[in-house]
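*Asks:* My questions concern the predicted model and sequence given below.
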Amino acid sequence: FKNVVLATRGVNAFPQGTARSLYMTYPGYARVMDDLSQTVVGLIGNVLQAKDIKGDISKRQLDDQFEMVQECNDILFERITTNLDVKAGLRRNPHQVLEAQVDVMSSSSPMETATLAQAQDTPKAGSWNRTSGIPQRSIVSARLFTAKNIVRPQMQFKEPVDNSAQNPFVPRLKEKPNSLKPLALLPEYDDAGNIQSYLHPYEFELMKFGPQKEQLQSQKPVLPELMANTELMLVDSVEKLHQALEELREAPQIAIDVEHHSYRTFMGITCLVQMSTRSKDYIFDTLILRDEMHVLNLVLTDPKKLKILHGADLDVEWLQRDLSLYIVNMFDTHRAAKALNMARLSLAFLLKHYLDLDVDKSLQLADWRMRPLPQQLVDYARQDTHFLIYVYERMTNDLLQQQAEPGLLNNVYLQSTEVCKKRYSKPHIGPESHLDLVRKTKRSFDNRQLYALRGIFEWRDATARLEDESYGYVLPNHMMLQIAESLPREMQGILACCNPIPPLVRQHLHMLHQIVLKARDQPLVKPVLEARSSTQASLPPSSKDFSSKLYCPHDFSHQEEARDDLPTLLKRGSSGKLQLPKEEDLLKENVVIAKPTMALFAKRETPSQADQLRWAHIRKESQALRMPYKRYVAILPLMEQLKQDQIERERSEQLKRRLCPAAPAPEQNIKLEEVGNKPDEDEYALPLREQLKRKHQSKSDTDQQPTTSKRSRKDENSQPAVKKEAPVKNEAIAVVENPAESDDDVVMEVPIDRQPADHVKPPPNQSKRQKRKQQQFQQQRFKAKNRANHPQSSLHPVVMPKSAGNGNFDYKNVDFRQFKGGAQRARGTEIKQQMRGKNRPNNRNNKQFNKLFTFSQVRKEGRK
């Protein structure tokens, strides 16, 4: 101790700070200091080598040298504390195993659960819906198997673990056996030009791979020997590794499994690799042989050797990350069980199905970092691969026997090859990764709570990567959500949200408190609820085969919580094999009994008075009840009557709207001025179209002048165009209804003034603008009106009373009160022009049906 004190005083006596810089400018002083520094570094390096601290301190930088010295001091102090505890009797066994019982979910029910189910009383009818002592879910009591003061294995790795999110995972493969292409680590870039990942080294070999012919043929299953009679080799040195490699190269089929630890490390550690052949089992200690295990690629990448795994999705990634091992030619029994539509897909179920073997899965929470391995863990690790080759042979035969789907076996190999193509990638968090926890918990957080949750989430990620610990060890999810939801004001409140308190939370309590206080200072904003449809639209696709005969919507046997310990008629003997029921028991069960054992199906011989009253009430209700079709048939006559009434009502309304009714009207002394010669009564009895034909035929004989319009145009009421002569000023227009509608057609002529043709045609010396204005004026003057819907339209029949004796029209019998105001302007029908543009011939003469129907010439008798 005195020497240490003297050395410390001597070191402190050297110049420091600016004084040291000044002294180092002298060459002699600098040379002496360099020699002393090299001597001290060499002595420290010897101490590190003596304490098994890997690395050369003389080749490191100053910061790395301090880290190595600090690491050595930690190991020395830990050994001193351990030795003092052993000397004081406080720690007699440094490798003391701790064991605790924990209830966990299991995919297969253990033997203890089945034994407990058989010990219960025989259940009666309906016991499946009754709460019993047996849990509804398949829950087993697992053992938390660990030890005290386990040294962290990652501290002894030659290459330190890189947990940073900025650097992607780089394959550490140095050589590539069984290659079709030389080794090349090709990077993949993102949009920003940064390296995102690296390609699979054996991607080309996996693309060209095809299963051997022997693998696609029927197999001869050979039941393996018991584990007690099979040789086991624990590989924990390089010599044993090469020996195991030579033996594995002779085996055509190899079963593989991996044991992993992920609680006290960020990315995880592969602790064990189990391999089995038909005659021998191997357990490789990958914590010791981490940097030498890559030599097994000679066997694992050989396409002629079959590798058998169960659920290899994670195993393939773990082998790549830690051991640089890759697999070519693999058969995944998990995919095969899925292709066969088995009730369960676990390895324990396959062993039970094909071997009738109950596997103890209570050690699934064991800490595989313990060294040396306890015998319980060694036996547990062996059973995962010892029987796997036999299971593969049985499943291959089952796949070949599926005649409905002949390509199942080849499909299983294709799916297994796709699993081999998987690449490991580091865990990565984004700016909204913390929201996934909120969605899973279905809690409603405001902006302050979300701000705190994001800060704590980022702190936990950074701390876990720096300390190489898992998220669950740094701060579990439920504790993090509790802190973000409560937002405690004091540090003690943060500790109160954690039970038990994680060590790193207590160490970084001040930083967590600052995050919470900063979140409390944020302005409160009303939360916006997310639409529920967004969560429903992102549902994963269903993987169920609805066309399978084994599919049933009420069959829960494929789920983990399904029970397989319900009572059945099958019983097991002392050896565990199923026993069929005896024939005597079957005969006894088929005996016909006189009365039913259940009162539900029993009937009384004489019905009671209450039953008779109830039956009479039911019969009365059935008689009064009418079926829907009978109601429809009964209402049909009423609907027909209503329809006829509606038709009669519409017909009467139409008769009232007629211009002149058929019944004789009161006599009035009214006469119409005669225009020209009066035609005979027989001529007026003809339809309008016939009168126009006769009239124009007579005119065409005397006057050969062509008409102004060569092509007749019709309006929507189908009124014919009327020819006209230019020098005539007054012309009689006949008004008549369609002869198809009425037989009593009467014609009434009304004089209409028309300008001569000389005024219609513009003078030739007018300009184009004046011609266009004059045409517009003529169009507005002779614009057609709609006469179809007017009560005085010519389309409606005008029934005239018969004359007394002289054959003239008797206006005394006309009821002029129905004209509603006397003379009115008729609504004509506008004739659409068929020719458009500037050069429109006879545009003015095409609108010659715009007439004014008026009774201005009508007067009473005696008025002159």
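*Replies:* Received it, and whenever you're ready, just let me know what you need.
*Asks:* how close does the residue lying closest to residue 421 once chain neighbours are set aside get to residue 256?
*Replies:* Nearest residue to residue 421, sequence neighbours excluded (Cβ to Cβ, 6 or more residues apart in numbering): residue 206, at 5.4 Å. For glycine as for every other residue, the C-beta is placed from the backbone atoms N, C-alpha and C. Taken as Cβ to Cβ, to the nearest Å, the spacing of residue 206 relative to residue 256 amounts to 17 Å.
*Asks:* picking that back up, got a list of contacts for the host helix or strand of the residue nearest to residue 421?
*Replies:* For residue 206, the element it lies in under DSSP states H and E is helix 203-207. Helix 203-207 is contacted from outside by 178-181, 200, 301, 303, 328, 417, 420-421, using Cβ atoms under 8 Å, 6 or more residues apart in numbering.
*Asks:* again, only using 10 Å
*Replies:* For helix 203-207, the external contacting residues (Cβ atoms under 10 Å, 6 or more residues apart in numbering) are 176, 178-181, 184, 186, 200, 301, 303, 326-330, 417-418, 420-421, 423.
*Asks:* Would you indicate which residues of it are buried?
*Replies:* Buried positions in helix 203-207, judged by neighbour count with 16 or more other Cβ atoms under 10 Å: 205-206.
*Asks:* Let me know the next secondary structure element after it.
*Replies:* Using DSSP H and E, the first helix or strand after helix 203-207 is strand 231-235.
*Asks:* Neighbouring strands of that following strand in the sheet, and parallel or not?
*Replies:* For strand 231-235, the paired strands and their directions (DSSP bridges) are strand 280-285 (parallel).
*Asks:* looking only at pLDDT, what's the mean for the helix or strand just after the strand it pairs with?
*Replies:* Using DSSP H and E, the next helix or strand after strand 280-285 towards the C-terminus is helix 297-300. Averaged across helix 297-300, pLDDT comes to 95.
*Asks:* likewise stretch 211-230?
*Replies:* The model assigns stretch 211-230 a mean pLDDT of 91.
*Asks:* and what of stretch 462-478?
*Replies:* Per-residue scores along stretch 462-478 average to 94.
*Asks:* First-to-last residue distance for stretch 166-180?
*Replies:* End-to-end distance for stretch 166-180: 32 Å, by Cα to Cα, to the nearest Å.
*Asks:* Going by neighbour count, which residues in it are buried?
*Replies:* For stretch 166-180, by 16+ other Cβ under 10 Å, it's 168-169, 171, 173, 176, 178.
*Asks:* Which of these scores worst on pLDDT?
*Replies:* residue 173 (89).
*Asks:* how many neighbours does the nearest residue to residue 449 once chain neighbours are set aside have?
*Replies:* Among residues not flanking residue 449 along the chain, residue 484 sits closest, at 5.1 Å (Cβ to Cβ, 6+ apart). Per other Cβ atoms under 10 Å, the neighbour tally for residue 484 reads 27.
*Asks:* My guess is residue 484 contacts residue 459. True?
*Replies:* No: using Cβ atoms under 10 Å, residue 484 is not in contact with residue 459; the gap is 11.6 Å.
*Asks:* Between those two, which contacts overlap?
*Replies:* In contact with both residue 484 and residue 459: residue 515, using Cβ under 10 Å, 6+ apart.
*Asks:* and the nearest residue to residue 230 once chain neighbours are set aside, what pLDDT?
*Replies:* What sits nearest to residue 230 in space, not counting adjacent residues and going by Cβ to Cβ, 6+ apart, is residue 281, at 5.8 Å. pLDDT, residue 281: 95.
*Asks:* how much space between residue 281 and residue 228?
*Replies:* Distance from residue 281 to residue 228, by Cβ to Cβ: 11 Å.
*Asks:* These two - which one has more neighbours?
*Replies:* residue 281 (22 against 7).
*Asks:* what's the distance between the more buried one and residue 446?
*Replies:* Taken as Cβ to Cβ, the span from residue 281 to residue 446 is 58 Å.
*Asks:* helices and strands of this protein: which one has the lowest mean pLDDT?
*Replies:* helix 111-119 (a mean of 38; mean pLDDT, DSSP states H and E).
*Asks:* can you list the weak-confidence ranges in the chain?
*Replies:* For the chain, applying pLDDT under 70 flags the ranges 87, 89-145, 526-576, 578, 580-605, 658-689, 691-768, 777-864.
*Asks:* max-length helix in it?
*Replies:* helix 628-656 (DSSP state H).
*Asks:* Kindly indicate which of the buried residues of stretch 166-180 lies nearest residue 345.
*Replies:* Distance ranking of the buried residues of stretch 166-180 against residue 345, using Cβ to Cβ, places residue 169 first at 28.9 Å.
*Asks:* And what about that closest one, helix, strand or coil?
*Replies:* At residue 169 the chain is in coil, as set by DSSP: H, G, I helix; E, B strand; the rest coil.
*Asks:* contacting residues around it?
*Replies:* Neighbouring residues of residue 169 by Cβ under 10 Å, 6+ apart: 162, 197-198, 267, 317, 320-321, 423-426.
*Asks:* same thing but at 8 Å, please
*Replies:* Contacts for residue 169 were tallied using Cβ under 8 Å, 6+ apart; they are 197-198, 321, 424-426.
*Asks:* Tell me how far it lies from residue 261.
*Replies:* Relative to residue 261, and taking Cβ to Cβ, residue 169 is found at 19 Å.
*Asks:* rewinding a little: neighbour-wise, give me the winner out of the contacts of residue 169.
*Replies:* residue 321 (21 neighbours).
*Asks:* End to end on stretch 283-291, go ahead and measure it.
*Replies:* With Cα to Cα as the measure, stretch 283-291 spans 16 Å from end to end.
*Asks:* returning to that earlier point: looks like the residue nearest to residue 449 contacts residue 447 (just checking).
*Replies:* No: taking contacts as Cβ atoms under 8 Å, residue 484 lies outside contact range of residue 447: 11.7 Å.
*Asks:* quick one: buried residues of the helix or strand residue 72 falls within?
*Replies:* Assessed by DSSP H and E, residue 72 sits inside helix 62-88. For helix 62-88, burial by neighbour count (16+ other Cβ under 10 Å) applies to 65, 68, 72, 75.
*Asks:* same thing with stretch 235-245?
*Replies:* 235-236, 240-241, 244-245.
*Asks:* again, but for stretch 512-521
*Replies:* By neighbour count with 16+ other Cβ under 10 Å, stretch 512-521 contains the buried residues 512-513, 515-516, 519.
*Asks:* Give me the subset of those residues lying in helices.
*Replies:* In this view, these that belong to helices under DSSP H are 512-513, 515-516, 519.
*Asks:* looking at it, residue 291 is touching residue 158, isn't it?
*Replies:* Yes: between residue 291 and residue 158 a contact is recorded at 5.8 Å, counting by Cβ under 8 Å.
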